[in-house]
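Here's my sequence, what's the structure:
(chains A, B, C and D)
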There are 2 protein chains.
Amino acid sequence: MASLEFSFPSISFFKALSDESRLKIVGALAANERSVEELATLLDLRAPTVSHHLAKLKEVGLVDMRSEGTTHIYHLVMSEVRSLAKRVLSLDSMETFTEDVVPDAWERKILGDFFDGQRLKEIPASRKKREVVLRWLVERFNAGKRYTEKEVNAIIGKHHPDFATLRRELICAKLLARESGIYWRT
Amino acid sequence: MASLEFSFPSISFFKALSDESRLKIVGALAANERSVEELATLLDLRAPTVSHHLAKLKEVGLVDMRSEGTTHIYHLVMSEVRSLAKRVLSLDSMETFTEDVVPDAWERKILGDFFDGQRLKEIPASRKKREVVLRWLVERFNAGKRYTEKEVNAIIGKHHPDFATLRRELICAKLLARESGIYWRT
DNA sequence: CATCTAATTAGATATATATCAAAATAATAG
DNA sequence: CTATTATTTTGATATATATCTAATTAGATG
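Numbers count the residues shown, from 1 in each chain, chains lettered A, B, ... in the order given. Below is the predicted model of the structure:
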């Protein structure tokens, strides 16, 4: 069944609870175990509809069923409710929602857009994009080394003619520091 | 906008997180605030699509936005994440999912189906339905009073000829108790 | 003011899914 | 074995919605 195959474990949990009827079913089962017919009466739905919803809830382990004759009696699986809930809650688990996303796709796109090999075609107008370019530029400097302004200009100048603006931006973004004419990486 | 009007507060929360793209957005924002374009690049979607999802997340208060020029920078509202999550997780809150459901719809349906006025048309075969009828029957007895078997048979007999079976069932369901020929409500 | 860029809105489309009626299955009672 | 009852499965349908392109809006820049 296709609906079982999600990229993240959490999404099936949210999907299972993102329907009003299923939420009502969970609510009804929180108070008491109930048969399909009973739930159908309570929610004013036909039995096949309820059966369909129960199947989805069962798929993610939120409910389970026991037979009594032809009657199927469903109940909440509270341990699963709690464990899923906990997993979903923390910020840590949220960060895993993007596990399969390439984390520097943005940076690579910007650098690809604005650079022609080593040459910066244009200084980005938007602050966020400019920052990406500046972070790339500052990598052209050695971490421990100290530079004169002339040396800084030369290095930046290899990538773009307006070295003065870029030098100022690097200081402003606190990527380079300056004291009495001497520059270094922060 | 129609999607704002749900019967329960919780369902909008689940709906907001029941889409893979929106979960990824939340994940990306958990690590860092980001612009629409940046999110679009990260998730490999067009900007309008991301904008659409951000609007939904904003609707339920999970994210908020600040402008920087024409750039809109979105961030998670963690307090809202936590408060919504907490509200949603407890068993108590689950029972409120059925607030608008008539709680004894089932019992009334069964009684309507099986009774013709005071007369029980038939003893339900299924245990769950039989239990409803038995609970109605036991109400015909006074809570403090003690009855001989003859009296018990007479009372049950007013509603159905097979008083012996029903009397046995009442004992079995622990609705009536018996000791040395004397019966009383439990 | 004209232009550019980022974001949003509008409109279109395709997919997903909630619901129901009818048919099939399963368990029990006679 | 046949009939009955509770549930599930199937098939059909209508609604919801995720996504895209094109058009519009809103700031910023020259």
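
Quick check: residues of chain A near DNA strand C?
A:2-3, A:15, A:18-21, A:45-46, A:48-49, A:52-53, A:56, A:67, A:69-70, A:125-126, A:129 (C-beta under 7 Å from any atom of the strand). (Glycine included, C-beta is placed from N, CA and C.)

Also near chain B: which of those, exactly?
Among these, the ones lying near chain B by C-beta under 8 Å from any C-beta of the partner chain are A:Lys15, A:Ser18, A:Asp19, A:Glu20, A:Gly69, A:Thr70, A:Ser126.

picking up where we left off before, out of the residues of chain A next to DNA strand C, which are buried?
Buried residues within the residues of chain A next to DNA strand C, counting neighbours by 16 or more other C-beta atoms under 10 Å in any protein chain shown: A:Lys15, A:Ser18, A:Asp19, A:Leu45, A:His53, A:Lys56, A:Lys129.

Among those, name the ones in helices.
The members of these that map onto helices under DSSP state H are A:Lys15, A:His53, A:Lys56, A:Lys129.

I figured the third one hits A:Arg22, correct?
Yes. Using C-beta atoms under 8 Å, A:Lys56 and A:Arg22 qualify as a contacting pair, with a distance of 6.7 Å.

shared neighbours of these two, anything?
Counting by C-beta atoms under 8 Å, 6 or more residues apart in numbering or on different chains, the contacts common to A:Lys56 and A:Arg22 are A:Ala16.

Tell me, how many residues neighbour A:Leu170?
Using other C-beta atoms under 10 Å in any protein chain shown, A:Leu170 has 23 neighbouring residues.

now A:Leu120
Neighbours around A:Leu120, by other C-beta under 10 Å: 21.

which residues does it form a beta bridge with?
Applying DSSP bridges to A:Leu120 gives these bridge partners: A:Phe115.

any idea how far it is from chain B?
19 Å (C-beta to the nearest C-beta, to the nearest Å).

For that residue, give me its contacts.
Contacts of A:Leu120 (C-beta under 8 Å, 6+ apart): A:Phe114, A:Val133, A:Leu137, A:His159, A:His160.

how far is the helix or strand the third one falls within from where the chain is centred?
Following DSSP states H and E, one finds A:Leu137 within helix A:127-138. Centroid separation between helix A:127-138 and its chain, computed with C-alpha atoms, centre = their mean, to the nearest Å, is 23 Å.

Please spell out which residues along it are buried.
With burial defined by 16+ other C-beta under 10 Å, the residues of helix A:127-138 counted as buried are A:Lys128, A:Lys129, A:Arg130, A:Glu131, A:Val132, A:Val133, A:Leu134, A:Trp136, A:Leu137, A:Val138.

Tell me how chain A divides into domains.
Structural domains annotated on chain A: A:2-98, A:105-185, as defined by automatic domain parsing.

Can you show me the strands along chain A?
In chain A, the strands defined using DSSP state E lie at A:34-35, A:63-68, A:71-76, A:115-116, A:119-120, A:146-148, A:176-179, A:182-185.

Sketch out the low-pLDDT regions of chain A for me.
Low-confidence segments of chain A (pLDDT under 70): A:1-9, A:84-105.

quick one on the thing from earlier: could you list which of the ones in helices among the buried ones among the residues of chain A next to DNA strand C also contact DNA strand D?
Of those, not one also sits near DNA strand D (C-beta under 7 Å from any atom of the strand).
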